[in-house]
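Colleague: sequence and predicted structure, then a few things I'm wondering about:
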Amino acid sequence: MTQSPSVRPNEVDAVIVGAGFSGLYMLHRLRELGYSTRVFDAADGVGGTWYWNRYPGARCDSESHYYCYSFSEEVRKEWKWSCRYPAQPEILDYLNFVADRLDLKKDIDFGTRVTSGRYDETAQGWVIETDRGETVRARFLITGVGNTSTPNTPKLPGLETFAGKVYHTAVWPHEKVDFTGQRVAVIGTGSSGIQSIPLIAEEASQLTVFQRTANYSVPARNFDLTDEMRREQLDNFEELRRLTLASPIAMAFPVPDTSALAVSAEVRKAKLDELWEVGGFRFMFTSYNDIVVDLQANATVANYIEGKIRETVKDPAAADVLCEFNHPVGTKRPPLDTNYYETFNRDNVSIVSVRTNPIKEVTADGITTANGDHHRFDAIVFATGFDTITGTLLKLNLHGRGGQSLADKWKDGPRAYLGLCSAGFPNLFMLTGPGGPSTLTNFPVCIEQNVDWVTNAIEHMRETGATEIEAAAEAETEWVQMVVDEADKTLLTSVDSWYMNSNIPGKPRVFTAYISGMPAFAETCEDVSRNGYKGFTLRTRQPVEAA
Ligand code: NA7
């Protein structure tokens, strides 16, 4: 049974924000080592992103056997994934299963949002406030708030006058939304739009897709797992884990070692044909090693995908819009789909290019575009993504040393050493934080590494009597610069994307992810701790002298 907030301690070793993949494992590690913890989550249950994103078609793009925790052999053996890419309800069931198996829920305050955090320099700890009016003191504040957790709803003129229903994929109702017989608009063609459009199209009487950026989607080719496949994955766990840990994107498949330009067009086509049938991220990430670093290599794959789209979509005008590319393939988060392009062959589906024909206004009964066309709708679905990376962290309203706010410190872009700690904000750890590799990797692997490293740092402090850990400003500056310099060696900084912090007008345009891969990141973190927490300052609180 969940304890009521009033009987929980208001002074603990650590406060953890978020009860998704990160927060749950963090709680488990700290509790196992005897640290007192409070965990807060605004949701009424565990799951983080998988709690909120319940839109039709929501599913994982990493394969199930490595999109999960690895730390517990029991969990691994007791849980059975149904398919290659599980849908949201199954992933949420998994996280509930883990939380129950490890008895985590009793230590989580659900339905509670952290509204502020202030670092008390004298006490060397955080003072955290919640929307339930509670104040909790903790030596450590650990955020596990995810990177895609604050929805972005564009401020379309007139939206408030719309008389129909408005949905956002990231805060989908818990009950089924029935679009049968309805005229529906979907705005946005990132992963969420691409996953939901085919299913909404099956119900709606008419579906209009508003596309700002044409995306390069690859078939997921989901399939059910047989007992034999599951047994094989378990039997080969060590080898698959080795592959995962050696992979820059932390996925259990081999890293390609050939340039797309080093082979003939025929050989390249044969390889891409083969991988197109395999589907999933294997298409992009096991084919050639220079797709996101060399424009010419990139074009070979982009052209291949364009060919597939034009082969699939029968209406040339719709295909033209779907191929209105303005960025190299792989420079925005690559989506995977099931029947996305095929959906545009349905009589009830059409597409509008917002790039050439922007939305002028929303009226009571629909959407008017710049060319004067008026589309009538019963429902509008925003699949417009998130105030990514920094959105939720900044909403925590954190103030560090000298009362400086994180929002002020990050006004020109996020700054964090190892993507985990920010100078001036001692004893704050940001799991999967900005400047770390998480958004370019398979999350659970990065999360486990982050949590283990933070746990070791806290253990090191306990062993040495240190009470405060803080990233040094110079180490942080070097890290932030290195993140940008490494990204500049690729094509990813040449476009607007949420990796570039530039998916929403007004955000500072700066690359936010460590691009050199999970193995290099893990090794760097190890090197930092092996060398006395290089780049950090550790301090010990002096006892207050008696008057
Ligand atoms: P994304 O990937 O940020 O996609 C959002 C989509 O919405 C994308 O096509 C945007 O176009 C579009 N968008 C955003 N604002 C507007 C406005 N004002 N008008 C029209 N279209 C707009 O979010 P998702 O939810 O799909 O996926 C997020 C991540 O979750 C995903 O990458 C996975 O990691 C899981 P843009 O490309 O910005 O021009």
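Modeller: Received, thanks.
Colleague: where do the helices sit along the stretch 151-300 of the chain?
Modeller: Assigned by DSSP state H, counting those that start in this stretch, the helices in the stretch 151-300 of the chain fall at 191-203, 227-235, 237-246, 265-278, 281-285, 295-312.
Colleague: can you pull the buried residues of the top helix by length along the chain?
Modeller: Secondary structure of the chain per DSSP state H: the longest helix is helix 443-464. Judged by neighbour count using 16 or more other Cβ atoms under 10 Å, the buried positions of helix 443-464 are 443-455, 457-458, 461. Yep, even glycine has a C-beta here, placed from its N, CA and C like the rest.
Colleague: just give me the closest of those residues to the ligand.
Modeller: For the buried residues of helix 443-464, the closest approach to the ligand (Cβ to the nearest ligand atom) belongs to Phe443, at 8.5 Å.
Colleague: the closest one contacts Leu431, doesn't it?
Modeller: No - the criterion here is Cβ atoms under 8 Å, and Phe443 misses it with Leu431 at 10.2 Å.
Colleague: so in that sheet, which strands flank the helix or strand encompassing Arg118, and in what orientation?
Modeller: When elements are defined using DSSP states H and E, Arg118 is found to belong to strand 114-120. With DSSP bridges as the test, strand 114-120 is paired with strand 125-130 (antiparallel), strand 398-399 (parallel).
Colleague: and the residue in the stretch 351-500 of the chain that the ligand sits nearest to, backbone torsions?
Modeller: Minimum separation of the stretch 351-500 of the chain from the ligand (Cβ to the nearest ligand atom) falls at Gly385, amounting to 2.5 Å. Main-chain dihedrals, Gly385, degrees, to the nearest 10: phi 80, psi -150.
Colleague: what's the burial count for it?
Modeller: Burial measure for Gly385: 24 neighbouring residues, criterion other Cβ atoms under 10 Å.
Colleague: wait, doesn't it sit right on Pro154?
Modeller: No - using Cβ under 8 Å, Gly385 is not in contact with Pro154, being 9.8 Å away.
Colleague: quick one: contacts for whatever residue of the stretch 51-200 of the chain ends up closest to the ligand?
Modeller: Of all residues in the stretch 51-200 of the chain, Gly190 sits closest to the ligand, at 2.0 Å by Cβ to the nearest ligand atom. Shown in contact with Gly190 (Cβ atoms under 8 Å, 6 or more residues apart in numbering): Asn215, Lys332, Arg333, Pro335, Ala383, Thr384, Gly385.
Colleague: and Val127, by the same measure?
Modeller: By Cβ under 8 Å, 6+ apart, the residues touching Val127 are Gly117, Arg118, Tyr119, Asp120, Thr135, Val136, Arg137.
Colleague: just Thr153 next, same as before
Modeller: For Thr153, counting by Cβ under 8 Å, 6+ apart, the contacting residues are His168, Phe382, Thr384.
Colleague: repeat that for 10 Å
Modeller: By Cβ atoms under 10 Å, 6 or more residues apart in numbering, the contact list for Thr153 reads Leu159, Val166, His168, Ala170, Val171, Ile187, Phe382, Thr384, Gly385, Asp387.
Colleague: ok, for the first one, nearest residue in space, not its chain neighbours?
Modeller: Which is Leu159. Leaving aside its sequence neighbours, Leu159 sits nearest to Val362 (Cβ to Cβ, 6 or more residues apart in numbering; 4.6 Å).
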